[in-house]
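Participant: just need the structure, nothing else, for what follows:
(chains A and B)
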Number of protein chains: 2
Amino acid sequence: MKNKAVVLLSGGLDSATTLYWARAEGFECHCLIFDYGQIHRRELSSALRLVKTAGCRHKLVKIRLPWKGSSLLDKSISIPRRDRSLSDKKLEHHIPSTYVPARNIIFLSFALSFAEVIGAKNIFIGAHIHDYSGYPDCRPDFLRDFNLAALRGTKSGVENKPIRVVAPLENKSKAQIIRLGQRLKVPFGLTWSCYKGEKFPCGECDSCEFRALGFRRAGLRDPLMKK
Amino acid sequence: MKNKAVVLLSGGLDSATTLYWARAEGFECHCLIFDYGQIHRRELSSALRLVKTAGCRHKLVKIRLPWKGSSLLDKSISIPRRDRSLSDKKLEHHIPSTYVPARNIIFLSFALSFAEVIGAKNIFIGAHIHDYSGYPDCRPDFLRDFNLAALRGTKSGVENKPIRVVAPLENKSKAQIIRLGQRLKVPFGLTWSCYKGEKFPCGECDSCEFRALGFRRAGLRDPLMKK
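Facilitator: Next comes the predicted model:
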């Protein structure tokens, strides 16, 4: 019998690669997709198409935060363009307006609940340290501490059947993730990275910039881009 | 200017006492009330009446978990009666069917997000170690580890403006909580503890038993009980 795993699937390139990696590793993948009121709904439909293409099960969790505090939730806050004056070191400490307060903590808590109910031993998340914007809830230190809290705060943990959050892409660059995804046959054309959910990627936001750079460095063409 | 605090308010006796304690300590209290699909809706209306009586602000968060795994969410699982054969020591390791997988972890994650957005430094929760059913997500060890994860995983934490989860009733018995609530003029008649949301408390579930024992030991009459 296959081991079950919960996979957080946003519809972006990283979580899609994480899903295909987990599937290739032999896990029975149960995807969690969050409709959390994100302005760019395009990401959500990408996630639903991806899970269908991968042939995996999923649950859609609908959350409406009765507060905002992020440009991904509030149209009145503008999506920042990549600030080329920031070095990588500075980026680490620069948290942009696209940060959604405690988003991954909320997502991981739901994943923990789901994993407990279905008896999954692992939760896979597409977070990686070379990721763009220095989101604190993508960092390995945070994931380590969250795992400790999860161990103490759940029935599974207390009964010595721990559920572990693992970020398999943790130490990979965007180009390495894209190369891995290519090998795993991730349908990149179905993924969506742009912070603006328009017909084509804007090509100007942080997320578009990093995706473009990743494909360039991997020596591959992004099927999402206009020819 | 008063310090802001987020208070998790379930409608029960413990969280109501926590709210009145925080108010008496001078905090500007912002309550979080969760409609998470609990079968006993009575608890929810109690929370809304309490927050109004206390004159505090609140946000209602609606969550629908697309899975169950608890007798508080699933009518087909029966609510356990208190098992008198279990000693206190055994109770610590006995997790009943009323356990909702990762419930407090989910609630605290939302509270963290809310606290970040409004600039609150504290989250108050009514958890206490003498609490009835050995829920792992009520234990001090868990709260300590959750605070570490919160410190690492939020913008506030990274920017050295930590948000701390505090359980002010942590070391109190039910009788001590009731005596404290009495001094703080908590309207106990508005609180609700019974796991079944009927017209009167059932008097037989774990939660009713503990409440009755608490009032008895505190030498007070529960205004909720029929004369």
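Participant: from now on I want contacts and neighbour counts done on CA atoms only, so please keep to that.
Facilitator: Fine.
Participant: neighbours of residue A:117, just the number please.
Facilitator: The number of residues packed near residue A:117 is 17, by other C-alpha atoms under 10 Å in any protein chain shown.
Participant: and it, what does it touch?
Facilitator: Neighbouring residues of residue A:117 by C-alpha atoms under 8 Å, 6 or more residues apart in numbering or on different chains: B:67, B:68, B:69, B:101.
Participant: with residue A:32 instead?
Facilitator: A:6, A:7, A:8, A:9, A:58, A:59, A:60, A:61, A:111.
Participant: residue boundaries of the strands in chain A?
Facilitator: Here chain A has its strands, by DSSP state E, at A:4-8, A:28-35, A:57-62, A:122-124, A:164-166.
Participant: which of those is buried the deepest?
Facilitator: With neighbours defined as mean count of other C-alpha atoms under 10 Å in any protein chain shown, these peak in mean count at strand A:4-8, which reaches a mean of 27.
Participant: run through who's touching that strand.
Facilitator: Against strand A:4-8 from outside (C-alpha under 8 Å, 6+ apart): A:15, A:18-19, A:22, A:27-33, A:107, A:111, A:114-115, A:118-126.
Participant: before we move on, back to that, now distance to residue B:198 and pLDDT too, for the contacts of residue A:32, in JSON lines please.
Facilitator: Compiled in JSON lines, those are given as follows (distance: C-alpha to C-alpha, whole Å; pLDDT from 0 to 100):
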{"residue": "A:6", "distance to residue B:198": "37", "pLDDT": "98"}
{"residue": "A:7", "distance to residue B:198": "39", "pLDDT": "98"}
{"residue": "A:8", "distance to residue B:198": "38", "pLDDT": "98"}
{"residue": "A:9", "distance to residue B:198": "40", "pLDDT": "97"}
{"residue": "A:58", "distance to residue B:198": "35", "pLDDT": "97"}
{"residue": "A:59", "distance to residue B:198": "32", "pLDDT": "96"}
{"residue": "A:60", "distance to residue B:198": "32", "pLDDT": "96"}
{"residue": "A:61", "distance to residue B:198": "29", "pLDDT": "95"}
{"residue": "A:111", "distance to residue B:198": "32", "pLDDT": "97"}
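Participant: looking at the residues you listed, which is nearest residue B:52?
Facilitator: For the contacts of residue A:32, the closest approach to residue B:52 (C-alpha to C-alpha) belongs to residue A:61, at 30.0 Å.
Participant: dump the residue contacts of the closest residue to the closest one other than its chain neighbours.
Facilitator: Counting by C-alpha to C-alpha, 6 or more residues apart in numbering or on different chains, residue A:61 lies nearest to residue A:34, which is 4.9 Å off, once chain neighbours are set aside. The contact partners of residue A:34, by C-alpha under 8 Å, 6+ apart, come to A:9, A:10, A:44, A:60, A:61, A:62, A:63, A:107.
Participant: what do you get if the cut-off is 7 Å, keeping everything else the same?
Facilitator: Applying C-alpha atoms under 7 Å, 6 or more residues apart in numbering or on different chains, one finds that residue A:34 lies in contact with A:60, A:61, A:62.
Participant: any idea what the last one is bridged to?
Facilitator: Going back to what we said before, that points to residue A:62. Beta bridges link residue A:62 to residue A:35, judged by DSSP bridges.
Participant: tell me the buried residues in stretch A:151-169?
Facilitator: Neighbour-count burial for stretch A:151-169, counted by 16 or more other C-alpha atoms under 10 Å in any protein chain shown, picks out A:151-158, A:162-169.
Participant: just the buried positions in the longest helix seen in chain A, please.
Facilitator: Identified as the longest helix of chain A according to DSSP state H is helix A:103-118. Applying a neighbour-count criterion of 16+ other C-alpha under 10 Å, one finds A:103-117 buried in helix A:103-118.
Participant: repeat that for stretch A:46-65.
Facilitator: Buried residues in stretch A:46-65, counted by 16+ other C-alpha under 10 Å: A:46, A:47, A:48, A:50, A:51, A:58, A:59, A:60, A:61, A:62, A:63, A:65.
Participant: ok, and what's touching it?
Facilitator: Taking C-alpha under 7 Å, 6+ apart as the rule, stretch A:46-65 contacts A:9-11, A:29-37, A:190-192, B:61, B:63, B:65-66.
Participant: quick one: it to chain centroid distance?
Facilitator: Relative to the centre of its chain, stretch A:46-65 is centred 12 Å away, using C-alpha atoms, centre = their mean, to the nearest Å.
Participant: near chain B, which residues of chain A?
Facilitator: Contact residues (C-alpha under 7 Å from any C-alpha of the partner chain) of chain A with chain B: A:59, A:61, A:63, A:65-67, A:69, A:101-102, A:105-106, A:109-110, A:112-114, A:116-117, A:136-137, A:141-142, A:145-146, A:148-149, A:152-155.
Participant: now do 6 Å
Facilitator: A:69, A:101-102, A:105-106, A:109, A:113, A:117, A:136-137, A:142, A:145-146, A:149, A:152-154 (C-alpha under 6 Å from any C-alpha of the partner chain).
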